[in-house]
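K.L.:
Requesting a structural model of the entry that follows:
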Amino acid sequence: MPLVKAFAGLRPVTARAADVVAPPYDVVSEAEARALAEGRRYSFLHVSRPEIDLPPGTDPYAPAVYAKAAANLAAMVGAGVLARDRTPCFYVYRLTMGTHVQTGLVGAASVAAYDAGRIKKHEFTRPVKEDDRVRQIDALNAQTGPVFLVYRSEATIDGALARVAAAAPEVDVTARDGVRHEVWTISDAVTVARLTAAFDRLPALYVADGHHRSAAAARVCAARRAASPRRPVRSPTTTSWP
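P.N.:
Purely as a prediction, here's the structure:
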């Protein structure tokens with residue numbers, strides 16, 4: 001299993017990206033999420049914070065909340081707001097906030113490498129938050145909150161990101177908080193293979209943010225492997241940009 005590999009992402013179609021863009025689930029309160037999603041039927045908060053579509057006071061860990069998240073995600077796919085790429089891809093993702101610019105690569109990281117300690121963590125996790133993410137991933141069969149990993153600078157990876165991001169972005173949206181989001185797709189097999197090999201040469205990746213999400217993904221993988229030991233475990237698909 002490669003340390004990082006391309007995947008066929010389920011993501012907003014270009015024309016609907018502004019309708020979907022939303023802050024991470026864990027940086028807003030329920031009241032803030034309700035306000036941000038008001039009048040925005042396809043805000044991703046309807047998936048990441050689905051309790052906003054249920055009566056106020058609903059237990060955010062109730063089964064109905066995860067079921068609502070799955071229903072909302074399915075509705076966005078059915079409406080054509082989200083579409084899956086036909087081939088495995090990497091995605092260059094850039095955030096611009098004022099004068100600060102941050103560019104990274106979206107891909108599928110190896111749970112096996114995480115379990116083996118090649119994807120390194122530095123925080124303890126809280127069981128209640130970890131359990132929440134396990135239920136979310138299981139209900140949706142999707143990792144809806146990307147894990148922020150960092151790596152030591154590597155010329156092949158850095159150069160590829162710079163070249164791709166020199167072109168016009170496929171998605172260019174400025175959210176209500178003023179943060180600009182740009183996305184480029186890397187689908188050609190040669191570049192995908194070169195990036196995959198470059199990541200495999202790295203000694204490790206490091207979790208900067210997303211310890212609960214990464215721990216939950218490892219738990220879901222282990223549970224599915226135990227339930228069907230003879231079948232290969234497919235990682236849940238990443239479905240959102242942060």
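K.L.:
What is the burial count for residue 126?
P.N.:
By other C-beta atoms under 10 Å, the residues close to residue 126 number 11. Placement of C-beta: from N, CA and C, glycine included.
K.L.:
same question but for residue 67, I mixed them up
P.N.:
Other residues within reach of residue 67, judged by other C-beta under 10 Å, total 14.
K.L.:
Now that it has come up, it's in contact with residue 139, right?
P.N.:
Yes - under the criterion of C-beta atoms under 8 Å, residue 67 makes contact with residue 139 at 6.7 Å.
K.L.:
isn't there a strand covering residue 34?
P.N.:
No - if the criterion is DSSP: H, G, I helix; E, B strand; the rest coil, then residue 34 is helix and not within a strand.
K.L.:
show me what contacts it?
P.N.:
By C-beta atoms under 8 Å, 6 or more residues apart in numbering, the contact list for residue 34 reads residue 52.
K.L.:
before we move on, what about residue 119?
P.N.:
Per C-beta under 8 Å, 6+ apart, neighbours of residue 119: 3, 109, 110, 113, 149, 204, 205, 206, 207, 214.
K.L.:
now the fifth one, what's its secondary structure?
P.N.:
In terms of secondary structure, residue 149 is strand; the call rests on three-state DSSP.
K.L.:
any idea how far residue 105 lies from residue 36?
P.N.:
Distance of residue 105 to residue 36, computed by C-beta to C-beta, to the nearest Å: 27 Å.
K.L.:
Now residue 133, what are its backbone angles?
P.N.:
Note on residue 133: its backbone torsions stand at phi -70, psi -30 [degrees, to the nearest 10].
K.L.:
ok, it touching residue 212?
P.N.:
Yes - using C-beta under 8 Å, residue 133 is in contact with residue 212, at 5.3 Å.
K.L.:
Now the residue nearest the centre of the chain. Its backbone dihedrals?
P.N.:
When the chain is reduced to its mean C-alpha position, the nearest residue by C-alpha atoms, centre = their mean turns out to be residue 146, at 2.9 Å. Per-residue torsions, residue 146: phi -60, psi 150 (degrees, to the nearest 10).
K.L.:
Confirm for me that it is in contact with residue 106.
P.N.:
Yes - with contacts counted by C-beta under 8 Å, residue 146 reaches residue 106, the gap being 6.6 Å.
K.L.:
wait, what's in contact with residue 90?
P.N.:
By C-beta under 8 Å, 6+ apart, the contact list for residue 90 reads 6, 105, 106, 107, 185, 186, 191, 192, 195.
K.L.:
now those as TSV including secondary structure and pLDDT?
P.N.:
Shown next, in TSV, are those (DSSP: H, G, I helix; E, B strand; the rest coil; pLDDT from 0 to 100):
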residue	secondary structure	pLDDT
6	coil	97
105	strand	97
106	strand	97
107	coil	97
185	strand	97
186	strand	98
191	helix	96
192	helix	97
195	helix	97
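K.L.:
can you name the two of the residues you listed that are farthest apart?
P.N.:
106 and 191 (14.2 Å; C-beta to C-beta).
K.L.:
So which of those two has more stuff around it?
P.N.:
Neighbour count, other C-beta under 10 Å: between residue 106 and residue 191, residue 106 has more, with 21 against 16.
K.L.:
Bridged to the more buried one, which residues?
P.N.:
Beta bridges link residue 106 to residue 91 when assigned by DSSP bridges.
K.L.:
Which parts of the protein are helices?
P.N.:
With DSSP state H as the criterion, the chain has helices at 17-20, 30-37, 45-48, 63-78, 111-115, 127-140, 155-164, 189-200, 211-227.
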